[in-house]
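> here is my input; please provide its structure:
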Amino acid sequence: MLRAVYEAADLDAGVISDWREDRGLLQIRVDRHAKPEEFTKALNGTLADILERAHWYQVWKGEVISITSPSSPLRVQFKISDFSPAPLVDMRERKGLVTVNVSPEALVDEFVQALNAAVGELLAGGQWFQHWEGEIVTMDSPEAALV
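Prediction:
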């Protein structure tokens with residue numbers, strides 16, 4: 001099973017977001033005191049780092065999309081929403097791109113809850129996989145044993 005989990009956390013001074021990866025799991029922490037302008041900018045850097053160094057891929061109409069795909073390199077973009085009134089989180093996916101519009105009024109605790117629900121739906125669509133230590137992990141893969 002694949003999971004990408006966002007968490008509100010008390011991070012070190014100057015750190016707005018960080019991440020770790022394990023089999024079937026991507027964990028992203030966001031400083032609970034950050035403002036939307038701060039955490040959207042930080043998450044753009046964090047997601048660029050993840051896609052460059054981690055092992056996640058999108059399958060779009062049978063084509064595997066990665067960060068090195070020439071016509072549409074895989075990326076995730078967080079931005080402050082232009083909608084008025086703005087939903088807390090509005091996620092859109094297309095080939096090589098996931099765009100996350102964030103309410104300018106969002107608090108981190110409520111933002112991560114809404115984002116986790118949206119990411120869960122995205123992954124349930126079956127268009128994503130992780131290449132973990134030689135194994136292809138999908139939503140249908142058995143969960144990792146808890147240690």
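
> make it CA atoms for all contacts and neighbour counts henceforth
Noted.

> is the nearest residue to Lys79 once chain neighbours are set aside in a bridge, and if so with what?
Spatial nearest neighbour of Lys79, excluding adjacent residues (Cα to Cα, 6 or more residues apart in numbering): Asn101 at 5.1 Å. Beta-bridge partners recorded for Asn101 (DSSP bridges): Lys79, Asp90.

> Asn101 contacts Asp90, doesn't it?
Yes - using Cα atoms under 8 Å, Asn101 makes contact with Asp90 at a distance of 5.0 Å.

> tell me which of those two has more neighbours.
A side-by-side neighbour count of Asn101 and Asp90, using other Cα atoms under 10 Å, places Asn101 first with 21 against 17.

> how about Lys41, secondary structure?
Here Lys41 is helix, with the state taken from DSSP: H, G, I helix; E, B strand; the rest coil.

> next, count neighbours for it.
16.

> surely it meets Phe78?
Yes - with contact defined as Cα under 8 Å, Lys41 reaches Phe78; the gap is 7.2 Å.

> hmm, back to that, list the contacts of the residue nearest to Lys79.
78-81, 89-91 (Cα atoms under 8 Å, 6 or more residues apart in numbering).

> of all those residues, which two lie farthest apart?
Ile80 and Met91 (11.8 Å; Cα to Cα).

> look at those two and report which has more neighbours.
A side-by-side neighbour count of Ile80 and Met91, using other Cα under 10 Å, places Ile80 first with 18 against 15.

> the residue nearest to that one when sequence neighbours are not counted: neighbouring residues, count only.
Excluding the flanking residues, the one nearest Ile80 by Cα to Cα, 6+ apart is Val102, at 4.8 Å. Neighbour count for Val102, taken as other Cα under 10 Å: 25.
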